[in-house]
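Colleague: Next comes the sequence, and after it the predicted model I'd like to discuss.
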Amino acid sequence: MKKLFLPSALAVILVLAGCSKQTAEPTTTAGPVKIKFQTDWYPQPEHGGYYQALAKGYYAEEGLDVEILPGGPNAQVMTSVAVGRADLGMTDGDDVIVAIARGVPLKMVGAEMQRNPQGILFHTEHPVKSLKDLQGRTLMAGAGSTWIEVLRKKVGVEFNLLPLVGDLARFMNNTEFVQQCFVTHEPFFARQRGANVGTILIASDTYEPYRVMFTSREFLAKHPDVVGKFIRASVRGWVDYVTGDPAPANKLLAAKDDTMTPEFMAYSIKAMNDYQLVSGDPAKGEFAGQLTAARLEKQIKLLQEVGVLDKPVAVEDVATLEFIPQHKGSRDQTN
């Protein structure tokens, strides 16, 4: 079952308070620079851009020897990066902002996805056309998820909340049931089991967090050139994965997990393109890898309004924009 939300940033603080720093500084001698990159879950098509960059040698072209560290239910990506077990990581942008407001020394350095792939999974017999349709319904979702606070406090929707479990059994047994999902993941398996399902993204004009790549403040200060190279190669890998031939990355993914069938990986890539998750909306000036100060400021303000930030933060506290790709044409970024 796909991961749907990360542990509280408070857990990161507790780990930081109780652990001595472990250094994972890159090798600076002649030859490729070795760095470790931590993902939030087991190898999935939602990580495909990184595996594409690895398989096609984009990291190597930048002089990097990248080890991708798989995550899982207890990955604690932000902790791993903050204490130096990994050099960079990826996760939801709003989680990084919350962690930074709680004192975790992290910084966003680029976007993995312009849209968060979390969504609502429903049976077409009882459709959900907008998040307002959740009014009065029973929803299984991650308790404490930021979007739930936004929906209740900003949109004014009230619903019965059940804690999220890692399977589709309850959903499959009740056509009125709705649950949080990744639009790139659960719908495929629900349809495979015979359900007629639909999805809508949780992201909206009100709530639109990025999926981000981030590093520690210390690593960024010591190795800005390495960070820049990693972002450049990763964005190149992402664009190539969703617009070109994904076979190199898919081969690596399938070797790590036999549930990564060609049909499932094709579905995930199609969903990423259909929802413009990686590339964003060109009509809004969005492109792969992009972070903007305006969107980050809007996100910070929203998180403050719903009461999940421990202290005020500014855009410059949570992100640097110096590594954002300059080419707006997504295919140009592969050159």
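Modeller: Cool, the structure landed.

Colleague: Okay, and residue 233 sits in which element?
Modeller: Per DSSP states H and E, residue 233 falls inside helix 224-243.

Colleague: Beyond that helix, next helix or strand please.
Modeller: Going down the chain from helix 224-243, the next helix or strand is helix 247-256, by DSSP H and E.

Colleague: just checking, what packs against the helix or strand that comes right after that next one?
Modeller: As assigned by DSSP H and E, the chain's next helix or strand after helix 247-256 is helix 262-274. Packing contacts for helix 262-274, counted by 3 or more CB pairs under 8 Å, 6 or more residues apart in numbering; DSSP states H and E, involve helix 48-55, helix 186-192, helix 224-243, helix 247-256. For every residue, glycine as well, the C-beta is placed using N, CA and C.

Colleague: Sort out which residues of the longest one are buried, please.
Modeller: When burial is assessed from 16 or more other CB atoms under 10 Å, helix 224-243 yields the following buried residues: 226-227, 229-243.

Colleague: okay, and for the stretch 201-335 of the chain, where does confidence drop off?
Modeller: 327-335 (pLDDT under 70).

Colleague: roughly how far apart are the spatially most central residue of the chain and residue 277?
Modeller: For the chain, the residue sitting closest to the mean C-alpha position, by CA atoms, centre = their mean, is residue 211 at 3.5 Å. For residue 211, the distance to residue 277 (CB to CB, to the nearest Å) stands at 8 Å.

Colleague: Give the burial count for the closest residue to residue 206 other than its chain neighbours, as a bare number.
Modeller: Of all residues not flanking residue 206 in the chain, residue 154 sits nearest, at 6.0 Å (CB to CB, 6 or more residues apart in numbering). For residue 154, the tally of surrounding residues (other CB atoms under 10 Å) stands at 13.

Colleague: I'd guess residue 154 is in a helix, am I close?
Modeller: Yes. Under DSSP: H, G, I helix; E, B strand; the rest coil, residue 154 sits within a helix.

Colleague: I'd guessed it sits against residue 302; true?
Modeller: Yes. At 7.2 Å, residue 154 counts as touching residue 302 under the criterion of CB atoms under 8 Å.

Colleague: Could you tell me which residues touch both of those two?
Modeller: Common neighbours of residue 154 and residue 302, counting by CB atoms under 8 Å, 6 or more residues apart in numbering, are 206, 207.

Colleague: list the residues that contact both of residue 211 and residue 277?
Modeller: Residues touching both residue 211 and residue 277 (CB under 8 Å, 6+ apart): 113, 115, 116, 117.

Colleague: Going by neighbour count, which of those residues comes out on top?
Modeller: For the shared contacts of residue 211 and residue 277, the largest neighbour count, defined by other CB under 10 Å, is 27 neighbours, found at residue 113.

Colleague: What pLDDT does the model give the residue nearest to residue 206?
Modeller: Note on residue 154: pLDDT of 87.

Colleague: Tell me how many other residues surround residue 300.
Modeller: Number of residues near residue 300 (other CB under 10 Å) recorded here: 22.

Colleague: So it: helix, strand or coil?
Modeller: Here residue 300 is recorded as helix under three-state DSSP.

Colleague: That one against residue 98, yeah?
Modeller: No. Here residue 300 does not reach residue 98: they are 10.1 Å apart, not a contact under CB under 8 Å.

Colleague: what sits in contact with each of the two?
Modeller: Shared contacts of residue 300 and residue 98 (CB under 8 Å, 6+ apart): residue 309.

Colleague: Show the residue spans covered by the helices in the chain.
Modeller: Secondary structure of the chain (DSSP state H): helices located at 9-18, 48-55, 58-61, 77-82, 93-101, 146-150, 169-172, 186-192, 217-222, 224-243, 247-256, 262-274, 293-305, 315-318.

Colleague: For residue 160, find the nearest of the ones you listed.
Modeller: Checking those against residue 160 by CB to CB gives helix 146-150 as the closest, at 11.9 Å.

Colleague: In that closest one, which residues are buried?
Modeller: 146, 147, 148, 149, 150.

Colleague: contacting residues for the last one?
Modeller: The neighbours of residue 150, taking CB under 8 Å, 6+ apart as the test, are 206, 207, 302, 306.

Colleague: Among those residues, which one sits closest to residue 40?
Modeller: The closest of the contacts of residue 150, once distances to residue 40 are taken by CB to CB, is residue 207, at 19.3 Å.

Colleague: Next one: the nearest residue to the closest one once chain neighbours are set aside from residue 112, what distance?
Modeller: Using CB to CB, 6+ apart and skipping residues adjacent in sequence, the residue nearest residue 207 is residue 150, 4.8 Å away. Separation of residue 150 from residue 112 (CB to CB) stands at 21 Å.

Colleague: Now tabulate the buried residues of helix 146-150 in CSV and tack on distance to residue 161 and pLDDT.
Modeller: Formatted as CSV, the buried residues of helix 146-150 follow (distance: CB to CB, whole Å; pLDDT from 0 to 100):
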residue, distance to residue 161, pLDDT
146, 14, 84
147, 12, 88
148, 7, 89
149, 11, 88
150, 14, 88
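
Colleague: Quick one: those as CSV, columns for distance to residue 35 too.
Modeller: Listed next are the buried residues of helix 146-150 as CSV, based on distance: CB to CB, whole Å:
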residue, distance to residue 35
146, 29
147, 32
148, 35
149, 35
150, 34
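
Colleague: Closest one of the residues you listed to residue 77?
Modeller: Lowest distance from residue 77 to the buried residues of helix 146-150 (CB to CB) belongs to residue 146, with 16.3 Å.
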